[in-house]
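Visitor: only the shape, not the letters, is given here:
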């Protein structure tokens, strides 16, 4: 990316499978050195036992994950061990995602961040990508 104050966050409805980690899926994948991330909404509507239906909300879940990526990639915040923080680094499923807050702490700088959304239907995976996009086990 040419502008060092820019970040790129892509959003897909495809499932993502981290090949370099022992997990079945992931909600997002960040490439910090490239100041970019991909957020997957594929499993954000899953409901766990005892979860209120109103809480199983793809929009709210997506906003939390995107806020985390903005905090880490743009504001250079560190991931947190606090399960209530939007920067919590232990989100492994919907239950953990529901616990985190959705708001980043106010900035201490006065810079403004232009936000640009880019949606593409083409598959533009890099050969060095470490997560696989696919639908179900057959991918």
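Guide: All right, it came through fine. Treat the numbers as computed from the prediction; the structure is a model and nothing was measured.

Visitor: residues contacting the longest helix anywhere in the chain, please?
Guide: Of all segments of type helix in the chain, defined using DSSP state H, the longest is helix 58-73. Here helix 58-73 makes contact (CB atoms under 8 Å, 6 or more residues apart in numbering) with 7, 9, 11, 27-28, 30, 32, 35-37, 39, 41, 44-45, 77-79, 86-88, 91, 94, 97-98, 100-104, 113. Quick note: C-beta positions are derived from backbone N, CA and C, even for glycine.

Visitor: from the chain's centre, how far out does it sit?
Guide: 5 Å (CA atoms, centre = their mean, to the nearest Å).

Visitor: before we move on, what about stretch 67-77?
Guide: 10 Å.

Visitor: which positions in that stretch come out as buried?
Guide: Buried residues in stretch 67-77, counted by 16 or more other CB atoms under 10 Å: 67-75, 77.

Visitor: mind checking the pLDDT average for stretch 32-47?
Guide: Taken as a whole, stretch 32-47 has a mean pLDDT of 91.

Visitor: quick check: end-to-end length of that stretch?
Guide: Criterion CA to CA, to the nearest Å; first-to-last residue distance in stretch 32-47 is 30 Å.

Visitor: again, but for stretch 21-36
Guide: End to end - CA to CA - stretch 21-36 spans 19 Å.

Visitor: same check on stretch 48-63?
Guide: 19 Å.

Visitor: low-confidence ranges, the chain, go.
Guide: 1, 54, 103-139 (pLDDT under 70).

Visitor: which parts of it are helices?
Guide: Here the chain has its helices, by DSSP H, at 58-73, 94-99.
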